[in-house]
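Undergrad: my questions concern the predicted model and sequence given below.
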Amino acid sequence: MSIAASKVIKFFPVGRPPYLRRWLGLGAEMKQFAALAGVSLAVERGELLGVLGRNGAGKSTLLRVLADIYPPDEGSVTVDGSIGGLFELGGVSNPHLTGREFVRRYMVLTGVEESRIRSIAEEVRDFAELDEYFDQSIRTYSAGMAARLYFATATAVERDVYFVDEVLSVGDEHFQVKSWARMRERLSAGAAGVIVTHDWSAVIKLCRRACILQQGRIVKLDRADRAVSEYLQLGPPDSPDCRIEAAARYEGESGEPLRIDFRLETTESVACEAAISIEALHFGVGWEPVLISDFAPLPPGAGTREVSFMVPSAPLRAGTYALGIFVTRASARRDAAREALTVRSWTFGNPLELTINGPLREDLAPFPIVWRQETP
């Protein structure tokens with residue numbers, strides 16, 4: 001296990017400092033605020049654990065306790081290997097340093113050999129895309145330029161463990177993709193890490209597991225998509241008049257006909273339409289739709305209706321997928337916004353599971369394509 005925390009508690013004093021309290025005749029005792037209240041977690045090599053939470057939940061405190069910046073008041077923390085810390089943008093320190101000077105100072109403080117610093121600085125310059133600004137003062141940088149400098153510097157040297165605080169969500173989309181790619185590269189090489197963020201999309205892309213922190217406690221630790229759904233408090237449309245009854249899991253064979261059956265119960269006569277989606281979760285990419293059907297009209301009326309979707313030849317490799325079912329009110333206008341009646345989907349925290357059996361393949365969707373080359 002690369003990172004392990006057991007029943008960690010961290011207090012911070014609240015109120016006036018002791019010397020001022022004595023001078024005011026209030027006594028030296030101060031109130032204590034529990035920023036962490038019994039946190040336990042474990043992260044294996046090659047895994048990045050996502051930590052979600054509102055402001056004040058204790059995310060940054062947890063990261064600093066894990067990184068040994070703050071000592072825990074109770075409990076224990078074990079980190080196996082060298083640490084790379086990517087904390088808030090204030091980490092760029094003295095704004096009067098140039099980008100090159102900052103890289104040199106950072107490398108010296110983290111124990112990098114003098115002989116390597118010159119080449120590392122050039123690599124940071126290229127990755128951060130600072131060009132001629134690299135030799136200018138950091139105080140002239142935009143927030144995005146400073147973020148690029150800090151991330152590139154902190155990840156230039158491979159570490160065993162990374163602690164990331166919001167940095168990946170700063171900067172334009174182009175640099176965010178580069179940042180995610182570098183973190184995937186580090187994790188693929190066996191590194192471990194923890195990322196605390198408000199950016200749930202980064203958690204979906206980078207993390208297989210995530211937890212939700214509330215008032216210093218972990219209230220949920222689950223697969224990343226399930227944790228994100230709960231964190232965003234996404235729920236299906238509140239429609240007591242329409243309900244899907246479906247199996248929790250479906251199975252099929254790669255390249256063979258696939259049938260999805262479910263029941264739709266309505267308490268009133270309503271014209272509705274239904275569609276299904278099949279999505280795959282790819283590390284570093286997120287949820288990727290593989291198949292999305294058209295909305296098919298269902299017979300009007302109240303009561304229970306049997307619904308079947310048929311895929312003549314399932315173009316899916318062996319693996320596990322998220323199956324979504326969407327039921328909307330029928331509309332005469334095809335371009336009108338759809339009114340959802342009920343939904344089963346990972347985006348609402350209630351997906352169905354589809355398992356496809358068959359031989360292992362490299363392609364995601366093995367469509368039956370036959371190549372032909374004609375010679376002149």
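TA: Sure thing, it's come through. Numbering: from 1, shown residues only.
Undergrad: which residues in the stretch 151-300 of the chain form helices?
TA: Along the stretch 151-300 of the chain, counting by DSSP state H, counting those that start in this stretch, helices occupy 173-188, 200-206, 224-231.
Undergrad: got TSV for the ones you listed, with mean neighbour count too?
TA: Quick note: C-beta positions are derived from backbone N, CA and C, even for glycine. Listed next are the helices of the stretch 151-300 of the chain as TSV, based on neighbours: other CB atoms under 10 Å:
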stretch	mean neighbour count
helix 173-188	16
helix 200-206	22
helix 224-231	22
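Undergrad: in CSV: these, plus mean pLDDT.
TA: Compiled in CSV, the helices of the stretch 151-300 of the chain are given as follows (pLDDT from 0 to 100):
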stretch, mean pLDDT
helix 173-188, 82
helix 200-206, 82
helix 224-231, 85
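Undergrad: as a check, name the ranges of all strands in the stretch 151-300 of the chain.
TA: Applying DSSP state E, counting those that start in this stretch to the stretch 151-300 of the chain gives strands spanning 161-165, 192-196, 209-214, 217-223, 242-245, 249-253, 258-266, 272-282, 286-292, 296-297.
Undergrad: hey, least reliable of these by pLDDT?
TA: Here the lowest mean pLDDT among these goes to strand 286-292, at a mean of 82.
Undergrad: now tell me what touches that strand from outside.
TA: 201, 204-205, 225, 275-282, 311, 315-316, 321-322, 346, 364-365 (CB atoms under 8 Å, 6 or more residues apart in numbering).
Undergrad: buried residues in it?
TA: Residues 286-287, 290-291 are the ones in strand 286-292 that count as buried (16 or more other CB atoms under 10 Å).
Undergrad: parallel or antiparallel, list what pairs with it.
TA: Its sheet considered, strand 286-292 pairs with strand 272-282 (antiparallel) by DSSP bridges.
Undergrad: okay, the angle between the strand it pairs with and strand 217-223?
TA: 90 degrees (axes from the mean of the first three to the mean of the last three CA atoms, to 10 degrees).
Undergrad: now the angle between helix 224-231 and strand 272-282, please.
TA: 130 degrees.
Undergrad: quick one, strand 272-282 and strand 249-253 angle?
TA: Using the same axes, to 10 degrees: strand 272-282 against strand 249-253 is 70 degrees.
Undergrad: grab the CA positions of strand 272-282 and hand them over as PDB.
TA: Once non-C-alpha atoms are left out, strand 272-282 reads as follows in PDB (Å, rounded to 0.1, in the frame of the first residue of the first chain):
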ATOM      1  CA  CYS A 272     -44.000   8.800 -23.900                       C
ATOM      2  CA  GLU A 273     -40.900   7.700 -25.700                       C
ATOM      3  CA  ALA A 274     -37.900   5.700 -24.600                       C
ATOM      4  CA  ALA A 275     -34.300   5.300 -25.600                       C
ATOM      5  CA  ILE A 276     -31.200   3.400 -24.300                       C
ATOM      6  CA  SER A 277     -27.500   4.200 -24.100                       C
ATOM      7  CA  ILE A 278     -24.500   2.000 -23.600                       C
ATOM      8  CA  GLU A 279     -21.400   3.700 -22.200                       C
ATOM      9  CA  ALA A 280     -17.900   2.600 -21.300                       C
ATOM     10  CA  LEU A 281     -15.700   4.100 -18.600                       C
ATOM     11  CA  HIS A 282     -12.100   4.600 -19.700                       C
END
